[in-house]
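# how would this look folded up:
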Amino acid sequence: MKRLGLDWLTGFAGRLFLWFWLVLTLMLVANVQLSRHLRSDEELRPPMPPELEELAELRGHLQRFADRPLLALKRSKVNRFLVLFDPHSLQPLERRRPRHWRIPELVASDSGVQVLEQGEMRAMGPFEIATLDGPVLAVWLMPPRPMSAWERFWQGPAWVRLAVSFLLVLALSLGLAAWLARPVRQLSKAARQLGDGDLGVRVKAGSGELGQLGQDFNTMAGKLASLLASQRRLLADVSHELRSPLTRLKLAAALMADEVQQHKYVQRIEKECDTLEHLIEQVLTLSRLEATLYQEEAEDGDMAAQVASSVQDWRFHSPDKDILLQAPAEAPCRFRPRLLQRVLDNLLSNACRYGQRVEVQLARSGQGWRLVVEDDGPGVPDDMLDKLFEPFYRGDPARGHQGKTGLGLAIAQAAAKAQGGTLKVGRSALGGLRFELQLAPA
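This is a model prediction of the structure:
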């Protein structure tokens, strides 16, 4: 099982979990608090030392009624804070007590002096007061105790607590919803900007599933920008490359007025037409490969046989070249034959054009195969190696490029990528270039 960690908590699923967890926890706490404070919260407890000191001071003040009738006690100002009871029947002598308090239970208790507490209100008793008419029992309605604002809130009306709890849950839900939706809004805004042509727009990629979505968007935007830049560069290069044969065609057509030289100029026009046709075919092939529109199913075959066949063809095509092949008898592999043939033809053509000695090696590489083509030609400077796969790039002028379109190596690399392979270039021990094609297992 995948271990739950911080990455999971910051992901979309983790945020949903935190949202539900926080809301449910808040609801649980609110229910517990409401159930506690909505019920009768009167508490009967023993008095604390400061309360006993206050009671002693009050009883000392009430000693002056010992030689006075009970009526004098009832008419005194201090009686406003007392509830008097008959010591025999335990019935109240007056009806001035809070009806919702359990003061009769306090008087009937055998535990001596107790404190009955409800919120900030307190009552303490029973205790005797001596009068001329005999003793009476009394319960003292004590001054309200100090309460914090939090306690006053919970002691307030239930509807206030419910309203505050509802507003708190609403605010928390809105905040969490905005937190969850922020990366989605950013991604939506970036998508609109990308659709309006702003290829440089990117989003801030965080962690989790939405962060991965942002990274994928940035990757997609980068590929789109690169593809469009490549297309613009290709159009510019094509227009430049077509200008030269078209100029020669116009010149040859103008010179055909000379009847003596007509046959010579007709041949020239045919040659330039062939050049244009080859260039257009190469451009279309590269465009299809880069746009992944080249349709060919991979099939199981013998890669060694196809490499050997290509080498044999180029030996026939270039009999003055020394082309060596080192390969196993069989090389079972799953590949696309026509794409592989394009790679082989372009690499061998390039090697035979610049080198006298060409070495081709096919060997196992892990679960796949590695094909190496190298020559003893003049090579190119190290700072130009990475540019050899760019369309219409012809490398060092010292190598010569007559008859080249500058698209062969670009097509070879695109064909390698189209079947899941890689094509790299480096300097060869023979003195020229070394091309390495790596085909991974299907």
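# use CA for all of it now, contacts and neighbours both
OK.
# so what are the domain limits for the protein?
For the chain, the TED database gives the domain ranges 43-149, 199-293, 298-439.
# which residue is nearest the middle of this structure?
The centroid of the chain falls nearest to residue 211 when counting by Cα atoms, centre = their mean (0.8 Å).
# tell me which element the residue nearest to residue 424 when sequence neighbours are not counted falls in.
What sits nearest to residue 424 in space, not counting adjacent residues and going by Cα to Cα, 6 or more residues apart in numbering, is residue 436, at 5.3 Å. Using DSSP states H and E, residue 436 maps to strand 433-439.
# helices or strands up against that strand?
Counting contacts by 3 or more Cα pairs under 8 Å, 6 or more residues apart in numbering; DSSP states H and E, strand 433-439 packs against strand 368-375, strand 421-427.
# Looking at those strands, which is nearest to residue 122?
strand 421-427 (87.1 Å; Cα to Cα).
# Can you pull the phi and psi angles for the residue nearest to the centre of the chain?
With angles defined as degrees, to the nearest 10, residue 211 sits at phi -60, psi -40.
# What separation do you get for the residue nearest to it when sequence neighbours are not counted and residue 226?
If the residues on either side of it in the chain are set aside, residue 211 comes closest to residue 205, at 4.7 Å by Cα to Cα, 6+ apart. Distance from residue 205 to residue 226, counting by Cα to Cα, to the nearest Å: 20 Å.
# Between the two, point out the one with more neighbours.
A direct count of neighbours by other Cα atoms under 10 Å for residue 205 and residue 226 places residue 205 higher, at 17 against 13.
# ok, that one touching residue 212?
Yes: Residue 205 is in contact with residue 212 according to Cα atoms under 8 Å; the separation is 6.9 Å.
# Quick one, which of the helices and strands packed on strand 433-439 gets closest to residue 230.
Closest to residue 230 of the helices and strands packed on strand 433-439, according to Cα to Cα: strand 421-427, at 19.0 Å.
# Now that closest one: buried residues?
Residues of strand 421-427 classed as buried: 421, 422, 423, 425, 426, 427 (neighbour count, 16 or more other Cα atoms under 10 Å).
# Go through these and say which is closest to residue 344.
residue 423 (11.4 Å).
# State the pLDDT value of the closest one.
Residue 423 is assigned a predicted lDDT (pLDDT) of 91.
# Ok, residue 276 next?
According to the prediction, residue 276 has pLDDT 70.
# wait, it sits on residue 245?
Yes: using Cα under 8 Å, residue 276 makes contact with residue 245 at a distance of 7.0 Å.
# and residue 115, helix, strand or coil?
strand (DSSP: H, G, I helix; E, B strand; the rest coil).
# What are the contacting residues of the helix or strand that contains residue 124?
Here residue 124 is covered by strand 121-129, with elements defined by DSSP H and E. Residues from elsewhere that reach strand 121-129, judged by Cα atoms under 8 Å, 6 or more residues apart in numbering: 47, 59, 62-63, 65-66, 103, 106-107, 112-117, 135-145.
# Buried members of these into ChimeraX, please.
Of those, the buried ones can be selected in ChimeraX as follows, counting by 16+ other Cα under 10 Å:
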select :47,62,65,66,103,106,107,113,114,115,116,117,135,136,137,138,139,140,141,142
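# how much does the one helix or strand residue 62 maps to deviate in direction from strand 121-129?
Using DSSP H and E, residue 62 sits in helix 49-62. Using axes from the mean of the first three to the mean of the last three Cα atoms, to 10 degrees, the inter-axis angle of helix 49-62 relative to strand 121-129 is 50 degrees.
# quick one: whichever helix or strand comes after helix 49-62 to chain centroid distance?
Per DSSP H and E, helix 49-62 leads on to helix 70-75 as the next helix or strand towards the C-terminus. Here the centre of helix 70-75 is set off from its chain's centre by 81 Å, with Cα atoms, centre = their mean, to the nearest Å.
# Check which residues of helix 70-75 are buried.
Residues of helix 70-75 classed as buried: 70, 73, 74 (neighbour count, 16+ other Cα under 10 Å).
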